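Q: no sequence for this one, just the structure:
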């Protein structure tokens, strides 16, 4: 989300069934979006990191990834977090239908591309040492799909903590 040329990248590792991720999405992310993303200062990247303790989270992540393939990732993201984390496999097509997604493309994506997207994000998180959600990595944009990690926040923190981390990178 945001300008691909933004100088700062915030990468979130999240789980749609995590109550702390939901709190971040409801309280911190809207202000970050308004003050940093929408102004071109930050590129905000979401990565799937379903926890083993949330057995339906991988399917929810796959559904969001598939919605993203139809240009509606953030809309699905918002729907899932607004449902208080109660998103089971039986609910996924209903959410897709309500967003106006092409179900003929969405349903097969759930079993293939969406699951692979979740696996790839999880593997990246593990490589970076992520062990819980939400987790955030702050870095400088290196162009393309690359960032140079500089700092991190583990857990749902305050907007002020995020602003300090972002502003420190912007001041470099």
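A: That came in fine, so what should we check first? The structure displayed is predicted, hence computed values, not measured ones. Numbering: from 1, shown residues only.
Q: contacts and neighbour counts: CA atoms only from here.
A: Will do.
Q: contacts only, for residue 77.
A: 16, 64 (CA atoms under 8 Å, 6 or more residues apart in numbering).
Q: ok, now the one 4 residues further on?
A: With CA under 8 Å, 6+ apart as the criterion, the residues that contact residue 81 are 16-17, 22, 25-26.
Q: ok, now with 10 Å
A: 15-19, 21-26, 87 (CA atoms under 10 Å, 6 or more residues apart in numbering).
Q: buried subset of those?
A: Buried members of the contacts of residue 81, counted by 16 or more other CA atoms under 10 Å: 15-19, 21-25, 87.
Q: out of those, name the ones that lie in helices.
A: The helices, defined by DSSP state H, take in 19, 21-25 from the buried ones among the contacts of residue 81.
Q: mind putting those residues into CSV with distance to residue 100 and pLDDT?
A: CSV is the format used below for those (distance: CA to CA, whole Å; pLDDT from 0 to 100):
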residue, distance to residue 100, pLDDT
19, 27, 93
21, 25, 96
22, 23, 95
23, 26, 95
24, 26, 97
25, 22, 96
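Q: closest to residue 159 out of those?
A: Nearest to residue 159 among these: residue 24, at 9.0 Å, using CA to CA.
Q: ok, the closest one touching residue 154?
A: No. With contact defined as CA atoms under 10 Å, residue 24 does not reach residue 154; the gap is 11.6 Å.
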